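Undergrad: Sharing a model that was predicted from the sequence below.
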Amino acid sequence: MKVGVVTFPGSLDDRDAARAVRIAGGEAVRLWHADSDLHGVDAVVLPGGFSYGDYLRCGAIARFAPVMESIKKAASNGLPVLGICNGFQILCEAHLLPGALTRNQHLRFRNREQWVRVESSATAWTGDYQDGQEIYILIKNGEGCFVADEETLDMLEDNGQIVARYVHGNPNGSMRDIAAIRNEAGNVVGIMPHPEHAVEALTGPSLDGLGFFTSVLKHLSGGSEKE
């Protein structure tokens with residue numbers, strides 16, 4: 001299975017995401033921000049970093065990249081898309097996910113290991129986890145505070161669209177401790193922590209992030225996400 005990893009000007013974690021795909025057993029395909037061709041990939045990862053220098057707002061310029069027009073169209077037809085950190089911000093700016101990511105409440109960049117509880121395994125990216133499972137992965141963000149109006153937050157709760165929450169401390173002030181959300185169909189997921197940095201013992205705080213990448217490969221190979 002081929003998983004595309006987009007590189008924007010300012011991307012930092014595209015190579016890490018591609019490595020995670022390979023460790024999980026998939027083929028990583030490099031996608032360039034200015035190229036609208038998705039090259040036949042079966043899924044897409046929008047990696048962390050500072051796309052276009054985070055000018056205006058994080059992800060605000062990246063949403064207009066030619067590759068994003070193709071991704072938006074493909075996502076509406078079921079293409080699995082994972083946005084990590086800056087990728088999550090881009091998904092919100094592109095209106096593929098609701099809400100927004102704003103400055104951390106303490107107004108400091110936060111870089112540390114973090115416990116996260118998986119709230120929904122019923123997505124293309126989390127099928128290898130159990131609901132309620134706590135995983136230990138890395139966060140590194142300055143604008144990681146998820147915000148939305150109460151109506152939207154209630155909708156996310158009621159529809160089971162909250163994919164993960166921070167536990168044992170909220171590192172950035174995200175409303176309702178939200179660390180990750182999904183769209184209604186479950187094929188598009190945005191997560192602020194970095195699962196791609198927790199896929200091998202040598203470099204990660206754990207192997208707990210690998211499940212995001214093995215999940216999508218199983219989903220693509222014929223398995224379906226949990227109901």
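TA: Everything's here; your move.
Undergrad: Dihedrals phi and psi, Y129?
TA: Y129 adopts backbone torsions of phi -100, psi 170, taken as degrees, to the nearest 10.
Undergrad: before we move on, what about E134?
TA: The phi/psi pair for E134 (degrees, to the nearest 10) reads phi -100, psi 130.
Undergrad: heading toward the C-terminus, what's the first helix or strand past whichever strand or helix holds L156?
TA: Per DSSP states H and E: L156 is located in helix 150-158. Following helix 150-158 in sequence order, the next helix or strand is strand 162-166 (DSSP H and E).
Undergrad: Please enumerate the helices of this protein.
TA: Using DSSP state H, the helices found in the chain span residues 14-24, 66-76, 86-93, 150-158, 210-220.
Undergrad: Leaving out chain neighbours, which residue sits closest to I84?
TA: G48 (5.1 Å; C-beta to C-beta, 6 or more residues apart in numbering). Every residue, glycine included, has its C-beta placed from N, CA and C.
Undergrad: I figured the one you found was touching K140, is that so?
TA: Yes. With contact defined as C-beta atoms under 8 Å, G48 reaches K140; the gap is 7.5 Å.
Undergrad: what's I71 in contact with, if anything?
TA: V6, L38, V44, L46, L79, V81 (C-beta atoms under 8 Å, 6 or more residues apart in numbering).
Undergrad: Most neighbours of all those residues, which one?
TA: When neighbours are taken as other C-beta atoms under 10 Å, the top entry among these is L46 (34 neighbours).
Undergrad: how close does it sit to T7?
TA: According to C-beta to C-beta, to the nearest Å, L46 stands 10 Å off from T7.
Undergrad: P195 now?
TA: The gap separating P195 from T7 is 18 Å, by C-beta to C-beta.
Undergrad: Which one's more surrounded, the two?
TA: Under the criterion of other C-beta under 10 Å, the comparison of P195 against T7 puts P195 first, with 28 against 20.
Undergrad: Tell me who's in contact with the residue nearest to the more buried one when sequence neighbours are not counted.
TA: Counting by C-beta to C-beta, 6+ apart, P195 lies nearest to G209, which is 3.0 Å off, once chain neighbours are set aside. Residues near G209 by C-beta under 8 Å, 6+ apart: A20, I135, I137, H194, P195, E196, H197, A198, V199.
Undergrad: Tell me which two in those are the farthest apart.
TA: A20 and I135 (14.1 Å; C-beta to C-beta).
Undergrad: Between the two, tell me which one has more neighbours.
TA: Just comparing A20 and I135: by other C-beta under 10 Å the higher neighbour count belongs to A20, 30 against 22.
Undergrad: What count of nearby residues applies to the residue nearest to the more buried one when sequence neighbours are not counted?
TA: The shortest distance from A20 to any non-neighbouring residue, by C-beta to C-beta, 6+ apart, is to E196 (4.1 Å). Neighbours of E196 under the rule other C-beta under 10 Å: 30.
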